[in-house]
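In: Task: produce atomic coordinates for the following.
(4 chains)
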Protein chains: 2
Amino acid sequence: MAPRGGLRTGAGRKPGSNDYHESTRAIRVPLSLWGDLQQYLDSIKLLRKRQTLTKDMVFPAIAPPPLNFPLFASRIPAGFPSPADDYIDQRLDLNAYLVTHPAATFFVRVSGHSMTGAAIHDGDLLIVDRALEPQHDRIVIAAVNGELTVKRLAIKKGIPWLMPENPDYPPLEISEGLDCVIWGVVTQVIHHV
Amino acid sequence: MAPRGGLRTGAGRKPGSNDYHESTRAIRVPLSLWGDLQQYLDSIKLLRKRQTLTKDMVFPAIAPPPLNFPLFASRIPAGFPSPADDYIDQRLDLNAYLVTHPAATFFVRVSGHSMTGAAIHDGDLLIVDRALEPQHDRIVIAAVNGELTVKRLAIKKGIPWLMPENPDYPPLEISEGLDCVIWGVVTQVIHHV
DNA sequence: TCTTATGAATATCGTACGCTATTCATTTTA
DNA sequence: TAAAATGAATAGCGTACGATATTCATAAGA
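Out: Residues are numbered from 1 along each chain as shown, chains lettered A, B, ... in the order given. The predicted structure is shown next:
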């Protein structure tokens, strides 16, 4: 059998022919992160593999989730003898941390300065929980004459008031004739630096 | 000169004598993650070196399964919003929204009142991005003598200063002899109501 | 006896290495 | 002529390897 010799330009495995569609590089990581990282990388592979599927073959029932991002999905199983040191073993999922009742939670963008005394500024994003009951001294979203507003709810002698936290704005009594609905309770304020 | 031979039990480098205080293992990662991961690992190293930090104060971000919540538009028109309406014009994943560089992002709990003028209060949770370059007028996390502090970075005539935003606290010049590391840039402040 | 110098022991670290998987021009076969 | 088989070329993958860093029992020196 004769050899099939000769030049083979263009032959060979293609760069980025791995599951990432991208070259890789070895890096050294602490053992406690190794499992998580492995898991994370697997999910990246999976996501990038899906890119080879055309929209004619596979498509989601609803809008695709933001597949963004990174790191370290699950907690490390304990059992690592940590020297008397401050190890980082806490992780945070902002959604879970900031939202208690997902189905009843909404975001509202603040405009105006009536609540600067309560650390609520123009442009901030409020996390509003509609499942919480409005109570005295809580910060609430109220719809007054159909317009949303952020104020602190105060009950004085049985009369509810909407109290701004800025001396330039007046309190508003929720009297009988006022078209006012307490719409939700503010639980968190997200302020962009 | 006679040899110093013989058994040497107990000799040798100790396990966990690296910057992680923990053994490591090589793992292969895609190049696009390599930089972020490198930065993340550097942060871990730095944190484990410091002894004044507790795990309650600083911890890394994670990648949770994406959850979406309804988001209201900036300007909410008059009326009563409900999920059935088209007031909801987008949904929001807080992780994706608040974290730009997940591998380089950490959370820091604020203690103290030196930055109340910048809407940063005692107990707030800061989102800190180590991938951002500290620049003039940005709010940064600095490690001064091993202790974390939040200040606004100011460059005056080439000299960097750490400026509080509370008249009760003094500015701090970052002079040559000072043990100070700008550790990250604050991008968001989460304030619990 | 106490202090210092020495070198065996052993962990860390980045990466090179051996192996496998893939690609495709060429050759062989139908 | 078209399809299948072959094997050179080249990238991916996990880990072993050589070099370096650190520790500390012992020997040498004060």
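In: For chain A, give me the ranges with low pLDDT.
Out: Within chain A, the stretches with pLDDT under 70 are A:1-8, A:36, A:39, A:43-44, A:46-92, A:102-104, A:146-147.
In: Give me the neighbour count for A:His101.
Out: The tally of other residues near A:His101 (other C-beta atoms under 10 Å in any protein chain shown) stands at 11. For glycine as for every other residue, the C-beta is placed from the backbone atoms N, C-alpha and C.
In: Verify the stated contact: it with A:Glu133.
Out: No. At 11.9 Å, A:His101 does not count as touching A:Glu133 under the criterion of C-beta atoms under 8 Å.
In: Could you pull out the strands in chain A for me?
Out: For chain A, the strands defined by DSSP state E occupy A:24-30, A:105-109, A:125-129, A:139-144, A:147-156, A:159-163, A:172-173, A:180-192.
In: Can you tell me how far A:Pro170 is from A:Met163?
Out: Counting by C-beta to C-beta, to the nearest Å, the gap from A:Pro170 to A:Met163 is 10 Å.
In: Looking at those two, which is more packed in?
Out: With neighbours defined as other C-beta under 10 Å, A:Pro170 and A:Met163 compare such that A:Met163 has more, 20 against 10.
In: tell me the contacts of that one?
Out: By C-beta atoms under 8 Å, 6 or more residues apart in numbering or on different chains, the residues touching A:Met163 are A:151-154, A:171.
In: please redo it, this time with the cut-off set to 7 Å
Out: The contact partners of A:Met163, by C-beta atoms under 7 Å, 6 or more residues apart in numbering or on different chains, come to A:151-152, A:154, A:171.
In: Quick one: buried ones out of those residues?
Out: A:151-152, A:154 (16 or more other C-beta atoms under 10 Å in any protein chain shown).
In: Using CSV, lay out the strands of chain A together with distance to B:Val193.
Out: Shown next, in CSV, are the strands of chain A (distance: least, C-beta to C-beta, whole Å):
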stretch, distance to B:Val193
strand A:24-30, 37
strand A:105-109, 13
strand A:125-129, 9
strand A:139-144, 5
strand A:147-156, 9
strand A:159-163, 14
strand A:172-173, 19
strand A:180-192, 5
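In: Need these in a markdown table (columns: distance to DNA strand D).
Out: Output for the strands of chain A, formatted as a markdown table (distance: least, C-beta to the nearest atom of the strand, whole Å):
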| stretch | distance to DNA strand D |
| --- | --- |
| strand A:24-30 | 4 |
| strand A:105-109 | 40 |
| strand A:125-129 | 40 |
| strand A:139-144 | 50 |
| strand A:147-156 | 51 |
| strand A:159-163 | 60 |
| strand A:172-173 | 63 |
| strand A:180-192 | 38 |
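In: Against B:Phe107, how distant is the closest residue to A:Gln188 other than its chain neighbours?
Out: Of all residues not flanking A:Gln188 in the chain, A:Ile127 sits nearest, at 4.1 Å (C-beta to C-beta, 6 or more residues apart in numbering or on different chains). Applying C-beta to C-beta, the value for A:Ile127 to B:Phe107 is 16 Å.
In: before we move on, what about A:Glu22?
Out: A:Glu22 is 29 Å from B:Phe107, by C-beta to C-beta.
In: So those two - more neighbours on which side?
Out: More crowded of A:Glu22 and B:Phe107, by other C-beta under 10 Å: B:Phe107, with 22 against 16.
In: beta partners for the residue lying closest to A:Val99 once chain neighbours are set aside?
Out: Leaving aside its chain neighbours, A:Val99 sits nearest to A:Thr105 (4.8 Å; criterion: C-beta to C-beta, 6+ apart). When assigned by DSSP bridges, A:Thr105 has beta-bridge partners A:Asp129.
In: neighbours of A:Thr105, just the number please.
Out: There are 21 residues near A:Thr105, going by other C-beta under 10 Å.
In: Also A:Ser32?
Out: 20.
In: what about stretch A:117-125, start to end distance?
Out: 16 Å (C-alpha to C-alpha, to the nearest Å).
In: Pull out the buried residues from that stretch.
Out: Buried residues in stretch A:117-125 (16+ other C-beta under 10 Å): A:118-121, A:124-125.
In: Now tell me what touches it from outside.
Out: Stretch A:117-125 has contacts (C-beta under 7 Å, 6+ apart) with A:107, A:109-113, A:139, A:150, A:152, A:165-166, A:189-192, B:119, B:121, B:191.
In: So how do I select the buried members of these in ChimeraX?
Out: To isolate the buried ones among those in ChimeraX, judged by 16+ other C-beta under 10 Å, type:
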select /A:107,109,110,139,150,152,165,189,190,191 /B:119,121,191
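In: check contacts around the residue nearest to A:Gln188.
Out: A:Ile127 neighbours (C-beta under 7 Å, 6+ apart): A:98-99, A:105, A:107, A:187-188.
In: Also A:His191?
Out: The contact partners of A:His191, by C-beta under 7 Å, 6+ apart, come to A:121, A:124, B:119, B:188-189, B:191.
In: try 10 Å
Out: Residues in contact with A:His191 (C-beta atoms under 10 Å, 6 or more residues apart in numbering or on different chains) are A:110, A:119-121, A:123-125, B:118-121, B:124, B:126, B:188-191.
In: same thing with A:Gly184?
Out: The contact partners of A:Gly184, by C-beta under 10 Å, 6+ apart, come to A:104-106, A:108, A:126-132, A:134, A:140-143, A:148, B:81.
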